[in-house]
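In: just a sequence and a predicted model for now, questions to come.
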Protein chains: 2
Amino acid sequence: MDQIKSYIASHKDRFLNELIELLKIPSISADPAYSKDVLKTAEMVEQSLKDAGCDITEICETKGYPVVYGEKTVDSKLPTILVYGHYDVQPPDPMDLWTSPPFEPVVKTTELHPDGAIFARGACDDKGQMYMHVKAIEFMTKNDLLPCNVKIMIEGEEEVGSDSLADFLEDHKEKLANDIILISDTGMIANDVPSITTGLRGLSYVEVEVTGPNRDLHSGIYGGAVPNPINVLNKMIASLHDEDNRITVDRFYDKVEEVSAEERAEMAKAPFDLEDYKNALDIDDVYGEKGYSTSERYSIRPTLDVNGIWGGYTGEGAKTVIASKAYAKISMRLVPHQDPDEITELFIKHFEAIAPKGVKVKVTPHHGGLPYVTNMDSLGYKAAAKAYEKTFEKTPIPERTGGSIPIVALFEQVLNSKTILMGFGLDSDAIHSPNEHFGVWNYLKGIETIPYFYKYFTEMNS
Amino acid sequence: MDQIKSYIASHKDRFLNELIELLKIPSISADPAYSKDVLKTAEMVEQSLKDAGCDITEICETKGYPVVYGEKTVDSKLPTILVYGHYDVQPPDPMDLWTSPPFEPVVKTTELHPDGAIFARGACDDKGQMYMHVKAIEFMTKNDLLPCNVKIMIEGEEEVGSDSLADFLEDHKEKLANDIILISDTGMIANDVPSITTGLRGLSYVEVEVTGPNRDLHSGIYGGAVPNPINVLNKMIASLHDEDNRITVDRFYDKVEEVSAEERAEMAKAPFDLEDYKNALDIDDVYGEKGYSTSERYSIRPTLDVNGIWGGYTGEGAKTVIASKAYAKISMRLVPHQDPDEITELFIKHFEAIAPKGVKVKVTPHHGGLPYVTNMDSLGYKAAAKAYEKTFEKTPIPERTGGSIPIVALFEQVLNSKTILMGFGLDSDAIHSPNEHFGVWNYLKGIETIPYFYKYFTEMNS
């Protein structure tokens, strides 16, 4: 495997340019206006799997966007690694905050990325991290170093809830049979502090609509006498947290995993500087549930955040109107044992219950995702840890993060196999934000580290 | 004056078509994109004053949109009536709720307007009501029936706070000298229940911006640990009303005129059916300050309404983002003795005070307006009442309404003269809403009634 260093050295410009071509296509799954681009991206990804040396590749249709699949079988007696990633990206707005266009990738150096970072929507989440695997596979096939069988599935609906994937897994259980699932769609603590994500929060995402009068009204003539849906929505949302910033949705905490004091103490050892955290976000104070540290709030505790709100006149100047409707998108991050569907039900019941007379309320569930915790004693975790030790010369820190990859819990349910999350991005890479980027060093380090996981996982299984 | 009936009969098609031409121009003062249309409208209005027989007309430049001025002097010894109106209109959004395009006027019959109503933005507020005066003047000049001097000023910034008008009045005190000011920019109770507006609420309008983190963040990675500006804004806005729906802004009620039980009893005599009111708006309950009736809530009580709110992801689908900023437009309706600037100051102080640590708050004042009460014993009121009695064959009801016409209080301050509000629109005309309309019957009835005001006011002054 050690030729990987020299292979990267002689191909890294091509590796970078191939990723840049992929990043130029706005594969925004949330917006139907971009469906052609999403499909075009799927075709590019399939071609890249062919070029990487897969024996079989196909674009598998689903009810939504297709799943790109490829495989390379060495020997059926050897273990099989299933790689997962996604080729769709988040919408880029707000556009005006991008320093360069989101779909015109450029390499710029930053304080944290002195060797340069690729700036583009999807650079890190997940085109960049997904493509590390494609290039790692290329290296192993081209040099006859692939130590086991590999299957790779890249979906196009991750950013909108992977709606079609459950059916896809059910329909292709045989084809997808594997010994371990490998994903790079998370981050690590720092370039000199490698980490492996051992826990992920789940997600419940809803859209709410509050209707007051049947039409927009003049606030002078009606103001103060009719239910203003914006004021009402604000009151309802405000009531979803109590003064300790605990969520008030009835029975919300019933199944929440209470992490032991010991485990909390263990996690607290991960390097974290509150002042750096606040400075990086330019906030003079953090904000969250009473009784928990900042890193606990975003990892082991469930949360409720409004992701978007709109209603009434939002243009220039002043319009004295009372809107007929107000809307909000609200997501709840869930921790182990909380079930997204159950939480969504609880939310709907609660939200309808707190609506005052005079308004009508409609709650529409978007996607959800189960929380997930992985086992540090598993071969997969040990092989991954050893791979990081080889290329980073450091033992990675196990980390629980706040993000959700609903698919991970689904894999365990349907394919009955565990997942290893080898993330090479940084929190500061601004995924889901303007100016998303991915360090060139991180990109190449991922390509370098992945083959060692194949090596060690195969050895540990024999 | 009695020829007015026959004059209308023989010219009503032209009266209608002239108004329709005026309504075709989108003179939206709130949106700079329409500045050319606003200026074009000013030119059309000046031409209409020439055609109506004014000796002098001009387009008076201001810092903002111009004021169109005209006058016709009969005899300096006779009283002078100053007519005020505005040629700018509200933005039409939400566009999708219009049954016909807002700037393609059409006449359609409705339950309340069996003779048809003109549907277009500005049909009632205020192009239609303003143009009644132009046609009434035309009638009097063409038939040598103008009993006094008339001055008319039509501004183009009423919907954005008449920012330039105070200076204009100061600069032209002499030119604008008058004995009474006549305005049609309000409504009446019903076509068979004429009313004269004797009270208007004032206005304080602000835009607030709440900033949390310095960039949009992934709600999974940061959710629950940082101040979400939308959640915070919702909590802040919710706290602006207490459980009795009284406004919590410190010292907000200090100067509020407490209306006597007697006067409240008098007002309660105006016809009002709560069930009809709720049915017309399709709400199963009204909503407002404890201890006051619906008609009191929108007339003699101050209010606070959110007119618009926005932040985060508002597009299709689901985006798990924590926004950096959230915004709202908030207006407060004021009652006699409340000063808009003072209230705006109180609001800013209060809003900054309730901001939690971790967010930054910015409050930008938009326009304000003083509340106004007119005197039923004045000659102006008596002349107006007599005019209604002549053409409606009913004594008009004095009415306090919720809307604001900041200019009215300004007139009294700067020009030291009282204003009479002769409104011919209906609350159901949907001004500031989609499908704004103005009854053809109301339009012509206004043209018929106005000349009698001139007649009686001149007689009462001699």
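Out: Thanks, I have it.
In: can you tell me the SS state at A:Q338?
Out: coil (DSSP: H, G, I helix; E, B strand; the rest coil).
In: what is the burial count for the residue in the stretch 1-150 of chain A that chain B sits nearest to?
Out: Of all residues in the stretch 1-150 of chain A, the one sitting closest to chain B is A:A30 (3.5 Å; Cβ to the nearest Cβ). Using the backbone N, CA and C atoms, a C-beta is placed for each residue, glycine as well. A:A30 is surrounded by 21 other residues when neighbours are defined as other Cβ atoms under 10 Å in any protein chain shown.
In: wait, it sits on B:G315?
Out: Yes - counting by Cβ atoms under 8 Å, B:G315 is a contact partner of A:A30 at 6.8 Å.
In: give me the common contacts of these two.
Out: Where contact means Cβ atoms under 8 Å, 6 or more residues apart in numbering or on different chains, the residues bridging A:A30 and B:G315 through contact with each are A:P91.
In: excluding its backbone neighbours, what's nearest the residue of the stretch 251-400 of chain A at minimum distance from chain B?
Out: The nearest approach of the stretch 251-400 of chain A to chain B comes at A:T303, 3.0 Å away (Cβ to the nearest Cβ). In this structure, A:T303 finds its nearest non-sequential neighbour in B:G224, 3.0 Å apart by Cβ to Cβ, 6 or more residues apart in numbering or on different chains.
In: tell me the contacts of that neighbour?
Out: Neighbour list for B:G224: A:288-289, A:297-298, A:301-303, A:305, A:333, A:402 [criterion: Cβ under 8 Å, 6+ apart].
In: out of those, who's the most crowded?
Out: With neighbours taken as other Cβ under 10 Å, the top of these is A:R333, carrying 30 neighbours.
In: secondary structure of that residue: a strand, I assume?
Out: Yes - judged by three-state DSSP, A:R333 forms part of a strand.
In: okay, buried residues for stretch A:254-262 please.
Out: Within stretch A:254-262, the residues that qualify as buried are A:256, A:259, counting by 16 or more other Cβ atoms under 10 Å in any protein chain shown.
In: name the residues that touch it?
Out: Contacts of stretch A:254-262 from elsewhere in the structure, counted by Cβ under 8 Å, 6+ apart, are A:267, A:296, A:300-302, A:335-339, A:342.
In: ok, A:Y65 - contacts?
Out: A:29, A:35, A:38-39, A:42, A:88, A:155-157, A:164.
In: biggest separation within these, which pair?
Out: Greatest spacing in the contacts of A:Y65, by Cβ to Cβ: A:S35 and A:E155 (14.9 Å).
In: out of these two, which sits in the more crowded spot?
Out: Of the pair A:S35 and A:E155, A:E155 is the one with more neighbours under other Cβ under 10 Å, namely 27 against 15.
In: over to the more buried one: give its phi and psi.
Out: Backbone torsions of A:E155, given as degrees, to the nearest 10, read phi -100, psi 170.
In: what bridges to it?
Out: Going by DSSP bridges, A:E155 is paired in beta bridges with A:H86.
In: got the contact list for it?
Out: Shown here is A:E155, whose contacts under the criterion Cβ under 8 Å, 6+ apart are A:65, A:67-68, A:84-88, A:162, A:164-165, A:168, A:407.
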